[in-house]
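Peer 1: I'll drop the sequence and a predicted model, then ask my questions.
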Amino acid sequence: MLLRLFKDTLGVTIGAILTAIGLDAFLVPAKIAAGGFSGVATILYHLFSLPVGLVMFIMNVPVFIWSLIRLGPRYTVNSIYGTVALSVFIDLLAPYIPLLTKDLLLACLYGGVLMGLGLGLVFRFNGTTGGTELLAAILRTYMGINIGQLLFIIDGLVVIWAGYVFRSAELAMYALITIFLTAWIIDLVIEGFSSDKAFIIITRRADAISQAIINELDRSATAWKARGMYSGTEQEVLISVVGRAEVTRLKDIVKAQDPRAFIILANVHEVLGEGFKDLEKTGS
């Protein structure tokens, strides 16, 4: 329990630092208000020279109180450490991070990647950074709209406001790029960077194919019975996960054993279990 708590705290801390660097080094200096409380804080920083981290923390306080009332302590407490850590690191690191680029495209790309990596780590290690995500979770209980839609609406309003304040549609468009890039990187961090492939094979020769997979690839497969709804014939479905380098070999195995087999090939973000990543050693 203590080891898991230490891992989670360390992961959230590293994530908060990466997110803070993304803001301090790229997004805030470039006036790229990429939605959320950080976007609002970026606007207020350039209007009134208010510290970004402090503004984000102050904005989160009423949201935490509202969350305690509406969602209860369990949901709220998980957000506190990540929120405080991010706010502190943003203002703590800001004086020591030099301006790395004046190019808006580079700023939005590198800022988006760092924020995505940072927030992805925070989420992967069971933390959150409060902000619009927590606000959306609260509003969902009143409005019945899913969190993704609410986040899109809130972030969109922040981007529009930033475009108006800074008198620049270009900055608003760069902010949108950052938002989509950040979301994509967050998904990669949470779901994993694995390049493994999943084969779903519908065949009448499941035994022969699975035996070839075991003998030639040193992999395994799982089978279950199925019935084709168009033909009405009974067949078996095999699922087998292999590395990228084994994809062609497995295609050849299926072709040799059953040229009429039906194959679905899918990307797999992460594979946990025997032959792949040890489930007990994962940080999530």
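Peer 2: In hand now; what should we look at?

Peer 1: and the lengthiest helix in the chain, how far out from the chain's middle?
Peer 2: Using DSSP state H, we find that the single longest helix of the chain is helix 169-191. With C-alpha atoms, centre = their mean, to the nearest Å as the basis, helix 169-191 stands 11 Å off its chain's centre.

Peer 1: buried ones in that helix, by neighbour count?
Peer 2: With burial defined by 16 or more other C-beta atoms under 10 Å, the residues of helix 169-191 counted as buried are 171-172, 174-179, 181-183, 185-186, 189-190. All C-beta spots, glycine's among them, are computed from the backbone N, C-alpha and C.

Peer 1: which one of these sits closest to Phe26?
Peer 2: Taking C-beta to C-beta as the measure, Thr178 is the one of the buried residues of helix 169-191 closest to Phe26, at 8.8 Å.

Peer 1: my guess is the closest one contacts Leu27, does it?
Peer 2: Yes: using C-beta atoms under 8 Å, Thr178 is in contact with Leu27, at 6.7 Å.

Peer 1: shared neighbours, these two?
Peer 2: Ala34, Cys108, Gly111, Met115 (C-beta atoms under 8 Å, 6 or more residues apart in numbering).

Peer 1: could those residues be laid out in a markdown table, adding neighbour count, secondary structure and pLDDT?
Peer 2: Supplementary listing: the shared contacts of Thr178 and Leu27 in a markdown table, determined by neighbours: other C-beta atoms under 10 Å; DSSP: H, G, I helix; E, B strand; the rest coil; pLDDT from 0 to 100:
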| residue | neighbour count | secondary structure | pLDDT |
| --- | --- | --- | --- |
| Ala34 | 27 | coil | 92 |
| Cys108 | 25 | helix | 96 |
| Gly111 | 31 | helix | 97 |
| Met115 | 29 | helix | 95 |
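
Peer 1: any chance of JSON lines for those, columns distance to Val158?
Peer 2: Shown next, in JSON lines, are the shared contacts of Thr178 and Leu27 (distance: C-beta to C-beta, whole Å):
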{"residue": "Ala34", "distance to Val158": "8"}
{"residue": "Cys108", "distance to Val158": "15"}
{"residue": "Gly111", "distance to Val158": "15"}
{"residue": "Met115", "distance to Val158": "14"}
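
Peer 1: tell me the two of these that are most distant?
Peer 2: Top of the distance list for the shared contacts of Thr178 and Leu27 (C-beta to C-beta): Cys108 and Met115, 10.3 Å.

Peer 1: which residues do those two both contact?
Peer 2: Here Cys108 and Met115 share the contacting residues Leu27, Ala34, Thr178, scored by C-beta under 8 Å, 6+ apart.

Peer 1: thanks a lot, catch you later.
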